[in-house]
Each structure stands twice: as structure tokens, then as C-alpha cells.
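J.: build the 3D model from these lines:
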Amino acid sequence: MVRTASTMLPLGTTAPDFALPDTNGKIVRLADFDGAKALLVIFLCNHCPYVKHIADRLAQITKEYVEKGVAVVGINSNDAAAYPEDSPEKMKEEVAARGYPFPYLYDETQETAKAYRAACTPDFFLFDADRKLVYRGQLDDSRPSNGLPVTGKDLTAAVEAVLSGTPVPVEQKPSLGCNIKWKPGREPDYFTG
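T.: Residues are numbered from 1 along each chain as shown. Below you'll find the predicted structure:
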């Protein structure tokens, strides 16, 4: 595991397109979320201690926001051949165990992760109704070993701002987690591991 921070994609970036299979093999596309008040794209995986640390609270938070009209999608871009815990079969088990209320997609080519400049798991990207990036950063200050409770305060403040039509604060802390497990020779130029 390489402890890695988010690349902090520039605010205002348009959501990159994607078409990826969910845990049942159905192709899910960015356009499937047209009309949603906001779109939260989360790069995550099954085995990372940082994701495991927040997973239960993340399931609760996303359930609340899905009910409020926020579209949420999780994307796993890890190399499943090298990390079998992150295989599509294990992803399906993770959805059932955690109760994720969102489609959990597999980015086998890792091109979607590169398009979003995703670097770590978890890595959060919140887009407004026009699919412009308004937040990229951490869930909150909690980490696996720092003893702080998982509250989701940073991400929830951003989502609440979008839903209420108020500006999202531009001061945002990068997410921190395990690096995305790139396939050999597929590492992007921004990978520092």
C-alpha cells in the first residue's frame, strides 16, 4: 500500500464520460444520471484499509443522498489480477455486505480512473446538476489509525451546499488512501508510487 493523496482535479471540470459494467454485468453510463441534482463519483475498492474504515458510514451517507435525488456511483479501477479481493465477483459480495445503494462499477481498462485523475481509494468527485466539478477531496479527517470518528462532514457539507444552491467552499482537503493499483505499464503520469 502506498499512502496517496487525491490529485485535486481542477474545480469546474466537466464530468468525464464512462460506460462500465456494474456487479451484475449491466453497463452503466454517465448519461444514466442525467437529471440528477448532483452526481457523486467515488473511486473505491474492497481491500484498502482506508475504504474499509469509512465503508459503513459511506453506505449510510450515500443512502440518505440517493433518497434526496443525488446520483452516486462507485468505481473500482484496481488491477484485479494482482489484487483478487478487488475482482468483480468480490465487488458483488462487497455491495451485499455493505449495503451500498449505488452501482459499483469495474474499470478494467483503468481509463476512467485516468480520465478523472483518480489517484487513491477512496477518492471523491462531486459534480453539480450541470456536471461541473464542485468538490474533490476527503470524506472527513478520520483515518484508520487516528482515532477520529467517521462523520463524513467534509463531503456532506459539499453535497448540502449543492442541494441548497449555495456555493461549495473552495478550500478542500485532498482525500487520502491507498494508491489505485495500476496494471504494470499502465501507470498514469501523475502516479508517484
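J.: how about the helices in the protein?
T.: 49-67, 88-98, 111-116, 153-164 (DSSP state H).
J.: and the contacts of the worst-scoring helix or strand of the chain on mean pLDDT?
T.: Within the chain, no helix or strand scores below strand 3-5, which has a mean of 78 by mean pLDDT, DSSP states H and E. For strand 3-5, contacts defined as CB atoms under 8 Å, 6 or more residues apart in numbering pick out 119-120, 174-180, 192-193. The way it works is simple: take the backbone N, C-alpha and C, and place the C-beta from them, glycine included.
J.: could you flag which of those are buried?
T.: Those of those that meet the buried threshold are 119-120, 174-180, by 16 or more other CB atoms under 10 Å.
J.: would you mind measuring from the residue nearest to the spatial centre of the chain to Gly165?
T.: By CA atoms, centre = their mean, the chain has its centre lying nearest to Ile42, at 1.1 Å. Relative to Gly165, Ile42 is positioned 23 Å away (CB to CB, to the nearest Å).
J.: again, but for Pro122
T.: Counting by CB to CB - Pro122 and Gly165 are separated by 26 Å.
J.: how about Asp32?
T.: For Asp32, the distance to Gly165 - CB to CB - is 24 Å.
J.: neighbour count: these two, which is higher?
T.: Asp32 (15 against 9; other CB atoms under 10 Å).
J.: for the more buried one, give me the pLDDT.
T.: For Asp32, the model assigns a pLDDT of 98.
J.: ok, Pro169 next?
T.: 89.
J.: what about it, how many neighbours?
T.: 13.
J.: tell me the contacts of it?
T.: Here Pro169 is in contact with 157-158, 161 (criterion: CB under 8 Å, 6+ apart).
J.: quick check: phi and psi at it.
T.: phi -50, psi 140 (degrees, to the nearest 10).
J.: now do it against Ala158, distance only.
T.: In terms of CB to CB, Pro169 sits 8 Å off from Ala158.
J.: for the protein, which spans come out with low pLDDT?
T.: Where the chain drops to pLDDT under 70, the residues are 1-2, 193.
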